[in-house]
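1. Output the structure for:
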Amino acid sequence: MVKKTFLEKGLSYASELSLKNAQDLEKIIEWNNETGIKLYRMTSDLFPWVSEYEISDLPDYDRISTVLRSAGKKAMEGEQRLTFHPSPYSVLASQNESVVIKAIKELRQHGEIMDLMGLEQSTFYPINIHVNTAKPSKEESAKRFCDNFHKLPESVKKRLVVENDDKKSAFTPSDLYRLIYSEIGIPITFDFHHYKCNTDEGIPEEDALNLCLSTWKETRAITHYSDSRKIYEDISAKEVAHSDWIWVKNLPTYGNSFDIELEVKMKELALLKLIESL
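-> The predicted structure is shown next:
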């Protein structure tokens, strides 16, 4: 829903769409269970323009809550792990206080949705974010991240995980380990494609992966995987672009056991194609 529509039709229409989205989420979770998919990233757009209101203000809140509770129950019965990946505009480490306030609200609402679904407050159901800024330095932005982490509600703090970046000026796994994990103890999601774009100097991929895996103390680690769109599909694409499909047959686990989210444009179709090829 574009903002013009939200301004014209207001909370009642946002509520109507939110209820339909919740119902669709339940159908997706049912389909995942039937198909044998055990890991699913939920959309952060369940509630249109949720930055402008509280979820509990929606006219259909009770019905939405009932549907979300049912969806969460079905996910847990199917031993399905659900995750969130809020928008890149959720910058907890921003130098701008108003941006931080918005980020805290966005993260709080993600935690609220998971609570409505009855999901355990742990990194088994993670809310995954990036630091999203390294200004004026990684050390200073990491300190702001850690300071603002303590302003989050428990429903977020117990689920929050942080991911390495693809930009060469941004956070590598060792940066995150040294500056964030060592301070507040939140797990690090290792992104394979990002690491190829922004490596720790002198540290092989296997060692960087193992460093991130070591931070998952209480729950099974999650990683992100995609191939390079530039290498496999479109030579004119940017180096950081994710592929549509999975092209590597043997994903590089280095003998470890962990969960993998496929960050590819074809989503479940790519997963099913990969399974078929194996």
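2. how much space between S243 and E261?
-> Distance of S243 to E261, given as C-beta to C-beta, to the nearest Å: 14 Å. Where you see a C-beta, it was placed from the backbone N, CA and C, and this is true even at glycine.
3. Who has more neighbours out of these two?
-> S243 (25 against 20; other C-beta atoms under 10 Å).
4. That one contacts A237, doesn't it?
-> No. Assessed by C-beta atoms under 8 Å, S243 is found out of contact with A237, at 9.0 Å.
5. Between the two, which contacts overlap?
-> By C-beta atoms under 8 Å, 6 or more residues apart in numbering, S243 and A237 have these common neighbours: R229.
6. which residue ranges form the strands in the stretch 1-150 of the chain?
-> Per DSSP state E, counting those that start in this stretch, the stretch 1-150 of the chain carries strands over the ranges 39-41, 81-83, 127-129.
7. Can you list the strands that the second one pairs with?
-> Sheet pairing of strand 81-83 (DSSP bridges) gives strand 39-41 (parallel).
8. name the element Y254 belongs to?
-> Of the helices and strands defined by DSSP states H and E, none includes Y254.
9. Begin at 51 from now on, thanks
-> Okay, residue one is now 51; in that scheme the one you just asked about reads as Y304.
10. so what's S191 up against?
-> So S191 contacts A143, V181, T183, A184, K185 (C-beta under 8 Å, 6+ apart).
11. go with 10 Å
-> 141-145, 181-185, 220-221, 229-230 (C-beta atoms under 10 Å, 6 or more residues apart in numbering).
12. Adding neighbour count and distance to S278 as columns, could you present the residues you listed in CSV?
-> As requested, those are exported to CSV (neighbours: other C-beta atoms under 10 Å; distance: C-beta to C-beta, whole Å):
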residue, neighbour count, distance to S278
V141, 23, 26
L142, 28, 29
A143, 27, 28
S144, 22, 30
Q145, 13, 32
V181, 24, 23
N182, 21, 22
T183, 21, 25
A184, 18, 23
K185, 12, 28
A220, 19, 18
F221, 29, 20
L229, 20, 27
I230, 24, 27
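13. CSV for these, including distance to W99 and pLDDT?
-> Shown next, in CSV, are these (distance: C-beta to C-beta, whole Å; pLDDT from 0 to 100):
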residue, distance to W99, pLDDT
V141, 19, 97
L142, 21, 98
A143, 24, 98
S144, 21, 98
Q145, 26, 97
V181, 26, 98
N182, 21, 95
T183, 24, 96
A184, 30, 96
K185, 28, 95
A220, 29, 97
F221, 30, 98
L229, 34, 98
I230, 30, 98
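14. Quick check, central residue of this protein?
-> H135 (2.2 Å; C-alpha atoms, centre = their mean).
15. picking up where we left off before, would you turn the strands of the stretch 51-200 of the chain into CSV with distance to D74?
-> Below are the strands of the stretch 51-200 of the chain laid out as CSV (distance: least, C-beta to C-beta, whole Å):
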stretch, distance to D74
strand 89-91, 13
strand 131-133, 14
strand 177-179, 21
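16. which regions of this structure sit below the pLDDT cut-off?
-> Counting by pLDDT under 70, not a single residue of the chain qualifies.
17. Have a look at it and report its longest helix.
-> Across the chain, the longest stretch assigned as helix under DSSP state H is helix 53-85.
18. residues of that one that come out buried?
-> In terms of neighbour count (16 or more other C-beta atoms under 10 Å), helix 53-85 has its buried residues at 56, 61, 64-65, 67-69, 71-73, 75-76, 78-79, 82-83.
19. of all the contacts of S191, which comes closest to L319?
-> Nearest to L319 among the contacts of S191, counting by C-beta to C-beta, is N182 at 29.2 Å.
20. so what sits against both of S293 and E311?
-> Joint contacts of S293 and E311 (C-beta under 10 Å, 6+ apart) are Y275, S276.
21. returning to what we had before: which residue sits closest to the residue nearest to the centre of the chain, ignoring its sequence neighbours?
-> Using C-beta to C-beta, 6 or more residues apart in numbering and skipping the chain neighbours, the partner closest in space to H135 is N178 (4.8 Å).
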